[in-house]
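[1] Sequence and predicted structure below; questions after.
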Amino acid sequence: MPSGRTHDRITFYSLLPLLGGVALATQSTAQTALFGSGFLFSGLMFGPDLDIHSLPYKRWGPLRWIWLPYRKAIAHRSMLSHGPLLGTVFRIFYLAAWILCFVAVAVVCWAQLQSPEHWQAMTLMQLEWLLRRLQQELWQYPLEALLLFLGLEAGAMSHALSDWSGSAVKRWRKKRLKRMAAKRHKRPKRHG
């Protein structure tokens, strides 16, 4: 399995060819940048290794504690962390749940400060408005949402593919060494 630094190198080396392909396909600098941002974020901070004490986990700094329940609940290299599509979708929903919790707490605190006697009604209205607005934005920019998701998925898959290929090479080498050792034992010994 490659180290965290090797995963970083893979992310940086594959960035330009991927951006070139997206730029040719979309003919849009903004959409290419959106894909690239998702790819870098996923490759460096939002990848499959958030299920262990890893370099991406450490990069969250003071917010790394939000990944502790994820680390406890998800087995390393499971389909929910390293799986194609499923791993990225699961991490998106996990992070979105935390963001919604932070936003809800901020809205409640703000509403209590603004109108202590009516804060509950204000909070529900504001949260409802916020969720409707987010839904409208996603529906208004479906291609951009898709490109961001594809960037996140490509960053995660560059990580997972390097893990899988590294493990396959190690298994192949181990089998090869066993075969070579077995051949040595089968050779007749020369008596001199």
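    Structure's in. What do you need?

[2] make it CA atoms for all contacts and neighbour counts henceforth
    Will do.

[3] show me where the protein has helices.
    4-26, 29-44, 55-58, 68-73, 79-82, 86-114, 119-140, 142-186 (DSSP state H).

[4] can you redo those helices as JSON lines with mean neighbour count and mean pLDDT?
    Listed next are these as JSON lines, based on neighbours: other Cα atoms under 10 Å; pLDDT from 0 to 100:
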{"stretch": "helix 4-26", "mean neighbour count": "15", "mean pLDDT": "90"}
{"stretch": "helix 29-44", "mean neighbour count": "22", "mean pLDDT": "95"}
{"stretch": "helix 55-58", "mean neighbour count": "20", "mean pLDDT": "92"}
{"stretch": "helix 68-73", "mean neighbour count": "14", "mean pLDDT": "94"}
{"stretch": "helix 79-82", "mean neighbour count": "22", "mean pLDDT": "86"}
{"stretch": "helix 86-114", "mean neighbour count": "15", "mean pLDDT": "87"}
{"stretch": "helix 119-140", "mean neighbour count": "13", "mean pLDDT": "79"}
{"stretch": "helix 142-186", "mean neighbour count": "16", "mean pLDDT": "80"}
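
[5] if I pick residue 76, what's in contact with it?
    By Cα atoms under 8 Å, 6 or more residues apart in numbering, the contact list for residue 76 reads 49, 51-52, 82.

[6] Same question for residue 33.
    residue 19.

[7] what sits against the residue nearest the centre of the chain?
    For the chain, the residue sitting closest to the mean C-alpha position, by Cα atoms, centre = their mean, is residue 47 at 2.9 Å. Shown in contact with residue 47 (Cα under 8 Å, 6+ apart): 56, 88, 155-156, 159.

[8] what's the distance between it and residue 146?
    18 Å (Cα to Cα, to the nearest Å).

[9] Repeat that for residue 183.
    Counting by Cα to Cα - residue 183 and residue 146 are separated by 53 Å.

[10] next one: residue 19
    15 Å.

[11] Residue 10 now?
    23 Å.

[12] Kindly report the same for residue 125.
    29 Å.

[13] Output the contacts of residue 76 in TSV; the columns should cover distance to residue 104.
    Below are the contacts of residue 76 laid out as TSV (distance: Cα to Cα, whole Å):
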residue	distance to residue 104
49	28
51	26
52	28
82	30
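
[14] Need the max-distance pair from the residues you listed.
    52 and 82 (11.8 Å; Cα to Cα).

[15] and the closest residue to residue 79 other than its chain neighbours, what is it in contact with?
    With sequence-adjacent residues excluded and distances taken as Cα to Cα, 6 or more residues apart in numbering, residue 79 is closest to residue 87, at 6.2 Å. Listed by Cα under 8 Å, 6+ apart, the contact partners of residue 87 are 48, 79-81.

[16] let's see it at 10 Å
    47-48, 77-81, 153, 156-157 (Cα atoms under 10 Å, 6 or more residues apart in numbering).

[17] Now render those residues as CSV, adding distance to residue 71.
    Shown next, in CSV, are the contacts of residue 87 (distance: Cα to Cα, whole Å):
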residue, distance to residue 71
47, 13
48, 11
77, 11
78, 11
79, 14
80, 11
81, 10
153, 19
156, 16
157, 19
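
[18] No further queries at this time; thank you.
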